[in-house]
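K.L.:
Got a predicted model here, sequence first, then my questions.
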Protein chains: 2
Amino acid sequence: MGREMRSTFIAALATSLLVTAASAQQPLALRDMGSFHVGGRKVEVSGQPVKEIQRVPGGPMSKLDLNGTYHVEQMYVQYFLVQNRKGRWPLLMWHGAGLTGATFETTPDGREGWRDMMIRRGWDVYLSDATERGRSSFAPPLIWKDDPIFLPEADPWERWRIGTGPGSFDPDPAKRKVLPGNQFPVEAYDAFMKQLVPRWLSTDDVVIASYVALIDKVCLCVILAHSQGGHFAFRAAEQRPDKVKAMVSVEPATAGAGNPSAVKEMPLLLVYGDYIDLDARWVAYRKAALAYADGMRAAGGKVDVVSLPERGITGNSHMIMMDKNSRAVLDVIAKWLVDNGLADN
Amino acid sequence: MGREMRSTFIAALATSLLVTAASAQQPLALRDMGSFHVGGRKVEVSGQPVKEIQRVPGGPMSKLDLNGTYHVEQMYVQYFLVQNRKGRWPLLMWHGAGLTGATFETTPDGREGWRDMMIRRGWDVYLSDATERGRSSFAPPLIWKDDPIFLPEADPWERWRIGTGPGSFDPDPAKRKVLPGNQFPVEAYDAFMKQLVPRWLSTDDVVIASYVALIDKVCLCVILAHSQGGHFAFRAAEQRPDKVKAMVSVEPATAGAGNPSAVKEMPLLLVYGDYIDLDARWVAYRKAALAYADGMRAAGGKVDVVSLPERGITGNSHMIMMDKNSRAVLDVIAKWLVDNGLADN
């Protein structure tokens, strides 16, 4: 066998072994998948220069007229519709700040994400990138005038309950301080950093408008939201209380727009990870959400609050869906959905 | 039946009808799907202010220290691995300028995209967002110093062979001038506009570095590239000629880095739509690619050039994978892959 043939053979063998490993699971059977954008608006821009640019190296020059109408503030949604459906309604998964729908796909260390776990459990899943992020795009600086925020690598480590707080990050992985028993896959922290995208502090209202447009297009539905996505989910549900049949809010930051009685018909599950009491920020976020939950209950609503450590599920960072015990947490959520009549067992 | 029950019943009925329509096709059976990021680098930033910001309305204040290390220039890749594989190698789909992987998903008017057509034909598909776009994120202005380019709605209409050229776009859809017989779904032009993302003119080298990193991770492979993605694909393949087993380049803009003999072992299919001769820009792009093809042939390479109108497939804009006859074009590509021994029939 020549060198080239031999390397081809080895590559084919490696591929075949990978296929065997992947095939150990049942195949995912989808009746359809695809994507669309919802929401957004058109904005007219005038008084700008007309430029001549070379769009690719060596290519012809062409005119770029910055004046005209821009389509902005739309939201990208990818859907996966399962063949054997058990979830009674579609499940909408809304990620947190500085992230995209990739949050719920493969974990940074390569394990199956919550998206596919829910599809395997028979749920139609709609995974979106909040307006301004990922495939939703962002608006020109003429239209959104504030600067986007980018997070350096120390920031999530110190704030999202992976490390022990301020000063716990170090460029040298061996010197980073980790909360004891933490389940975040710290060896894949670099891979997690690659998922970060910028965010703006001025865009909450347009993000919520897009989420309401998504609800109008897709729901009746169940929403599973994380962190800032939880805040958006409460605010969107308050505007469409008849369309959101239940909500799972994983460490929301923060709660709604102050009208919990509007969503009293919507069963709510609040899920919290570990170490909350060690960080005043997380105590404040939880306090706001629990006050919101009390408001729902006072109006006759049904709220369940799960503190994972009290269920014996310990070590969860804020990025619960990426933690090494992410499947155990999803089992708790999935059982709650079944118990509340939202899915066949 | 009360009003609420009746509307629930009607919604359930509508959902059931939609399900029936979707089920008319065979289900997609995947042995796995997921995502990852490749490439990128870390950049240290210092001398920046430390801010106190409120990350969500009503939430606690927290420190944002802009100094530190940023992860930039990575590339997002989503993969779909088919259960019954017929493609001999993975298929990498690379989109054009100002776009993301959404190019190959559902068409703007809601038809199946090339991604799923290829999966149904038995290909493992890797769909990426070029570095700087979509879920790949972009770097802070401190690191990429030029401004991104946003396209107003007239620009693609007039440049991508949908309309009749400069001046053919009008805010009023009824007044827009369309190339005669054009297959682009013009009624869904707004939906197409929502797919656009900004681009930078300074980032070609970092985009190509990420594509090379993707090749190193995934290939041996076949690449299907469009427009600017075609330019990137030639340049990346020249760096990894032993790993790219074939290339389909749909209206590349432009050709490679000037070393066609490097990829002489790689069968190449060039595909062109309609109206090219009406626009000097497209004539220039095609001329560059045909010169590259001549260089490959002179070195002993195999290149096929398909002008779709000569095959009786007429009316194609630059966005061929979105045109109403997109399936007919994909049939041509898929047959070429089979004819070249890259897939079982």
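P.N.:
Received, thanks.

K.L.:
contacts and neighbour counts: CA atoms only from here.
P.N.:
Will do.

K.L.:
Check chain A and tell me which residue is nearest its centre.
P.N.:
Geometric centre of chain A, nearest residue: A:His95, 1.9 Å, by CA atoms, centre = their mean.

K.L.:
pretty sure that one is touching A:Gln228, no?
P.N.:
Yes - A:His95 is within contact range of A:Gln228, at 7.4 Å (criterion: CA atoms under 8 Å).

K.L.:
How about the residues of the stretch 201-345 of chain A by chain B?
P.N.:
Contact residues (CA under 8 Å from any CA of the partner chain) of the stretch 201-345 of chain A with chain B: A:201, A:220, A:228, A:253-254, A:281, A:284-285.

K.L.:
Need these in JSON lines (columns: neighbour count and secondary structure).
P.N.:
JSON lines is the format used below for those (neighbours: other CA atoms under 10 Å in any protein chain shown; DSSP: H, G, I helix; E, B strand; the rest coil):
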{"residue": "A:Leu201", "neighbour count": "14", "secondary structure": "coil"}
{"residue": "A:Leu220", "neighbour count": "23", "secondary structure": "coil"}
{"residue": "A:Gln228", "neighbour count": "24", "secondary structure": "helix"}
{"residue": "A:Ala253", "neighbour count": "29", "secondary structure": "coil"}
{"residue": "A:Thr254", "neighbour count": "27", "secondary structure": "coil"}
{"residue": "A:Arg281", "neighbour count": "17", "secondary structure": "helix"}
{"residue": "A:Ala284", "neighbour count": "18", "secondary structure": "helix"}
{"residue": "A:Tyr285", "neighbour count": "21", "secondary structure": "helix"}
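
K.L.:
Could you identify the most distant pair in the residues you listed?
P.N.:
Pairwise distances among those were taken by CA to CA; the largest, 33.6 Å, belongs to A:Leu220 and A:Arg281.

K.L.:
and the helix or strand hosting A:Asp304, what other elements does it pack with?
P.N.:
Under the criterion DSSP states H and E, the helix or strand holding A:Asp304 is strand A:303-307. In terms of contacts (3 or more CA pairs under 8 Å, 6 or more residues apart in numbering or on different chains; DSSP states H and E), strand A:303-307 is packed against strand A:268-272, helix A:280-298.

K.L.:
Report the mean per-residue pLDDT for stretch A:295-303.
P.N.:
Across stretch A:295-303, pLDDT averages out at 97.

K.L.:
residues in contact with it?
P.N.:
A:260-261, A:263-270, A:293 (CA atoms under 8 Å, 6 or more residues apart in numbering or on different chains).

K.L.:
Out of those residues, who's the most crowded?
P.N.:
For these, the largest number of neighbours (other CA atoms under 10 Å in any protein chain shown) sits with A:Val263, at 27 neighbours.

K.L.:
which residues does it contact?
P.N.:
Residues counted as contacts of A:Val263 (CA under 8 Å, 6+ apart) are A:237-238, A:241, A:296, A:301.

K.L.:
same question, A:Arg115
P.N.:
Contacts of A:Arg115 were listed using CA under 8 Å, 6+ apart, and they are A:93, A:104-105, A:125, A:127.

K.L.:
do the same with A:Pro267
P.N.:
Residues near A:Pro267 by CA under 8 Å, 6+ apart: A:245-247, A:301-303, A:340.

K.L.:
between the residues you listed, which is nearest chain B?
P.N.:
Distance to chain B across the contacts of A:Pro267 (CA to the nearest CA) is lowest for A:Lys245, with 11.3 Å.

K.L.:
Based on its surroundings, how many neighbours for the closest one?
P.N.:
Burial measure for A:Lys245: 21 neighbouring residues, criterion other CA under 10 Å.

K.L.:
correct me, but it touches A:Cys221?
P.N.:
Yes - here A:Lys245 reaches A:Cys221: they are 5.7 Å apart, a contact under CA under 8 Å.

K.L.:
What does the pLDDT read for A:Gly58?
P.N.:
The confidence metric pLDDT takes the value 76 at A:Gly58.

K.L.:
Do you have the strands of the stretch 1-150 of chain A handy? List them.
P.N.:
Assigned by DSSP state E, counting those that start in this stretch, the strands in the stretch 1-150 of chain A fall at A:28-45, A:50-54, A:61-65, A:68-82, A:91-94, A:125-129.

K.L.:
tilt between the helix or strand A:Val207 falls within and strand A:28-45?
P.N.:
When elements are defined using DSSP H and E, A:Val207 is found to belong to helix A:204-218. Between helix A:204-218 and strand A:28-45, the angle formed by their directions is 130 degrees, by axes from the mean of the first three to the mean of the last three CA atoms, to 10 degrees.

K.L.:
Any idea which helix or strand in chain A has the lowest mean pLDDT?
P.N.:
Counting by mean pLDDT, DSSP states H and E, chain A has its least confident helix or strand at helix A:3-23, which shows a mean of 44.

K.L.:
so where's chain A shaky on pLDDT?
P.N.:
Flagging of chain A using pLDDT under 70 yields the residue ranges A:1-24, A:255-257.
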